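*Asks:* next come a sequence and a model predicted from it.
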Amino acid sequence: MRLKAKMAALAALALIALALGAAIGSVGISPRVLLSVLGSKLFGAALPEDIGEITVSILWTIRFPRAVCAFLIGAALAASGTVMQSVLRNPLASSYTLGVSSGASLFAAVVIVTGFTLPVLERYTLPLFGFLGGLGTVFLAMALAMRFNRNLENQTVILVGMVLSLFVNALLTLVTALSAERLSQLVFWQMGSFSALTWADAGLVLPILLLSLAALLRYSRELDLMTFGEEQALSAGVDLRRVKFLLIAVSALLTGTAVSLAGVIGFVDLIAPHVVRRIFGSNHRAVVPMSALFGGAFMVLADLLARTVLAPQELPVGAVTSLIGAPFFAYVYFRRERR
Amino acid sequence: MLSLRDVRAGYGEREVLHGITIDFATGQNYCILGPNGCGKTTLIRAIAALIPSSGEVLLDGAPIRRMKRREIAARIAVMSQVTQVYFPFTVYDTVMLGRYQHMSGKLFGRPSSEDRDMVERCLQSVRLDALRDRRIDELSGGQRQRVFLAQALAQDPEVILLDEPTNHLDVRHQVELIDYLHRWSADRRHAVIGVLHDINLALRLTENAVFMKDGRIERAGAFDEIADAAFLRDVYETDIAGYMRDSFEKWRNVR
């Protein structure tokens, strides 16, 4: 299949995933109703009389925003993972490896425990601090790594990131253990969920995602070169230190935003780039947007499973992605290794 | 002219190059020779500014450390042994990446017709045009090395620095690579400065030899004039000349 046909196919799959995410639940909704409500809300089309207000409300205030948020956050995590893998030239690298997720979780946990709210920004306090925590941790990791190794070599960055990540996780455990009142809220948040997200959250993620994707596409050729190794990239003319710093910051921004809104959700950032590279090759001009599409669709379906498998009880989506993701990743990775 | 003035470089606390001063004339090939650990590879990396160094590396009098990466890449390419390919690009895409510094000024850096022509020429000159759509992880070692040669050529540099690119290649591919670079540099506008383990292979590229030992240059000049058996024994700590003569005797009767 040609590249463009494959891209169109993946985009269609993503749309289908979104539709399923909106249609399936305790109240089943037919495709006709789905399209009618969309048409009415987006384009002001008249709503057929047999569609009740409750249905509209379920779709428009619960299902759609949740599916869209799951999609955007999945896309953000997948794009972030793609960058980390290529920049660090390690198929197992992710924002988790570098401590971005831990940092974001810690800052967000402190906000939850203290009940601190910024004036004016109010409900954005949590995502903002999550993002700052993620970005802060990765910059700290890179600053420390630079002390050991001026060229910011990958092994050093990964090792420092892992050590820092463990340290920050320990702090997070302490914060969680010492806050008896909010223990369950914290634990549940850390497991990952889209249940509380609204259109406003989608509105927060969307511009960050689009700007980040644009930046990543702008640096797609640098990403291509970096996968061949740092010296290869340098000798081809890449301003390595600057570009690497910038790409890791964008990646941290994506993960920090995702974690602070939806908690820690693993494996999407590992799986999406792997699957996409198998189908679309290695060129980042295709890999970055396609990973985002795949990650988004995967997350919508994982969330669908999380809320329907044991309904009315809801599973943490992070557990679902890991339950599917871990064996799937092992299969993909080791099949490649064996070849 | 590529000039080094008291260049020192190393890894962490350990200094490997202890003040290298030498001139590489424009359009001349050079081979850098010496035993393992003498600093050959470090010298190549310091010239290309792949590692931090002190002292000066001057390209036509201009210090390389003040040049932008893209300016350096427009004049110097490095070809080394790429052993592990994590993400499989196609042959064509890999060679096109050599055009990076020609494209990076433009937004989203689309290849121009000039870039595409250059890549075509490079693919043809290393006889890879039939494999252009193959993934590089599916190629043999010799084919893959040709891909990276084509990538370095696509960069359109004045100087190609070789860092033992023939490791793991069989004799035929080693000789083909060196002969190709010999032809490429014959016009005196291009030059190759190479670290090659195999002295015979190095001398097939050029007579200009630079002998290194313990991070210093021992002798530099035409091989015939500077290398005698005693000197080679001193540098390599073994009787190289005797070994070569023995080998030659074994080949004398091969028809």
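*Replies:* Thanks, I have it. Residues are numbered from 1 along each chain as shown, chains lettered A, B, ... in the order given.

*Asks:* pairing partners for the spatially most central residue of chain B in the sheet, please.
*Replies:* In chain B, the residue lying closest to the centroid (Cα atoms, centre = their mean) is residue B:162, at 1.1 Å. Here residue B:162 sits in beta bridges with residue B:79, residue B:194, as judged by DSSP bridges.

*Asks:* ok, now which ones touch it?
*Replies:* B:44, B:79, B:80, B:181, B:192, B:193, B:194, B:195, B:196 (Cβ atoms under 8 Å, 6 or more residues apart in numbering or on different chains). Where you see a C-beta, it was placed from the backbone N, CA and C, and this is true even at glycine.

*Asks:* how close does the closest residue to the third one other than its chain neighbours get to residue A:253?
*Replies:* What that stands for is residue B:80. Nearest non-adjacent residue to residue B:80, counting by Cβ to Cβ, 6 or more residues apart in numbering or on different chains: residue B:163, 3.9 Å away. As judged by Cβ to Cβ, to the nearest Å, residue B:163 and residue A:253 stand 37 Å apart.

*Asks:* does residue B:26 belong to a helix or a strand, and which?
*Replies:* Counting by DSSP states H and E, no helix or strand carries residue B:26.

*Asks:* so who does it touch?
*Replies:* Residue B:26 neighbours (Cβ under 8 Å, 6+ apart): B:1, B:2, B:60, B:158, B:191.

*Asks:* my read is that the residue nearest to residue B:80 contacts residue B:47, right?
*Replies:* No. With contact defined as Cβ atoms under 8 Å, residue B:163 and residue B:47 do not form a contacting pair (10.4 Å).

*Asks:* TSV please, covering the contacts of residue B:26 and showing neighbour count.
*Replies:* Converted to TSV, these look like this (neighbours: other Cβ atoms under 10 Å in any protein chain shown):
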residue	neighbour count
B:1	12
B:2	23
B:60	10
B:158	17
B:191	25
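
*Asks:* quick one: which of those residues is nearest residue A:43?
*Replies:* Nearest to residue A:43 among the contacts of residue B:26 is residue B:158, at 60.5 Å by Cβ to Cβ.

*Asks:* okay, now residue B:127: neighbour count?
*Replies:* 13 (other Cβ atoms under 10 Å in any protein chain shown).

*Asks:* from residue B:94, how far off is it?
*Replies:* Following Cβ to Cβ, the distance that separates residue B:127 from residue B:94 is 15 Å.

*Asks:* and the pLDDT for residue 107?
*Replies:* In the absence of a named chain, this looks at chain A. We note a pLDDT of 89 for residue A:107 in this prediction.

*Asks:* right idea, wrong chain: chain B
*Replies:* 59.

*Asks:* repeat that for residue B:162.
*Replies:* 90.

*Asks:* name the helix or strand for residue 15, please.
*Replies:* I went with chain A, as the question did not name one. helix A:3-23.

*Asks:* that was the other one, I meant chain B.
*Replies:* Secondary structure (DSSP H and E) places residue B:15 in strand B:14-24.

*Asks:* do residue A:130 as well
*Replies:* helix A:125-148.

*Asks:* would you mark the buried spots in that helix?
*Replies:* By 16 or more other Cβ atoms under 10 Å in any protein chain shown, the buried positions in helix A:125-148 come out as A:125-138, A:140-142, A:144-146.

*Asks:* and the helix or strand just after it, which residues are buried?
*Replies:* Using DSSP H and E, the helix or strand that directly follows helix A:125-148 along the chain is helix A:154-178. For helix A:154-178, a neighbour-count test (16+ other Cβ under 10 Å) marks A:154, A:156-158, A:160-161, A:164-165, A:168-169, A:172, A:175-176 as buried.

*Asks:* ok, back up a step: the helix holding residue A:15 and chain B in contact?
*Replies:* No. Using Cβ under 8 Å from any Cβ of the partner chain, helix A:3-23 stays clear of chain B, with a minimum separation of 11.3 Å.

*Asks:* can you give me the offset of that helix from its chain's centre?
*Replies:* Centroid separation for helix A:3-23 versus its chain: 18 Å, with Cα atoms, centre = their mean, to the nearest Å.

*Asks:* helices or strands next to that helix in the packing?
*Replies:* helix A:31-43, helix A:64-87, helix A:268-280, helix A:284-308 (3 or more Cβ pairs under 8 Å, 6 or more residues apart in numbering or on different chains; DSSP states H and E).

*Asks:* secondary structure element holding whichever residue of the stretch 101-250 of chain B sits closest to chain A?
*Replies:* Minimum separation of the stretch 101-250 of chain B from chain A (Cβ to the nearest Cβ) falls at residue B:101, amounting to 3.3 Å. Taking DSSP H and E as the criterion, residue B:101 maps to helix B:100-103.

*Asks:* can you dump the C-alpha coordinates of the helix or strand just after that helix into PDB?
*Replies:* Of the helices and strands lying after helix B:100-103 in sequence (DSSP H and E), the nearest is helix B:113-125. Extracted in PDB, the C-alpha atoms of helix B:113-125 (Å, rounded to 0.1, in the frame of the first residue of the first chain):
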ATOM      1  CA  SER B 113      15.800  19.300  -7.600                       C
ATOM      2  CA  GLU B 114      19.500  20.000  -7.000                       C
ATOM      3  CA  ASP B 115      19.400  17.800  -3.800                       C
ATOM      4  CA  ARG B 116      17.600  15.000  -5.700                       C
ATOM      5  CA  ASP B 117      20.000  15.200  -8.600                       C
ATOM      6  CA  MET B 118      22.900  15.000  -6.200                       C
ATOM      7  CA  VAL B 119      21.400  12.000  -4.400                       C
ATOM      8  CA  GLU B 120      20.900  10.300  -7.800                       C
ATOM      9  CA  ARG B 121      24.500  10.800  -8.800                       C
ATOM     10  CA  CYS B 122      25.800   9.500  -5.500                       C
ATOM     11  CA  LEU B 123      23.600   6.400  -5.600                       C
ATOM     12  CA  GLN B 124      24.800   5.700  -9.100                       C
ATOM     13  CA  SER B 125      28.400   6.300  -8.400                       C
END
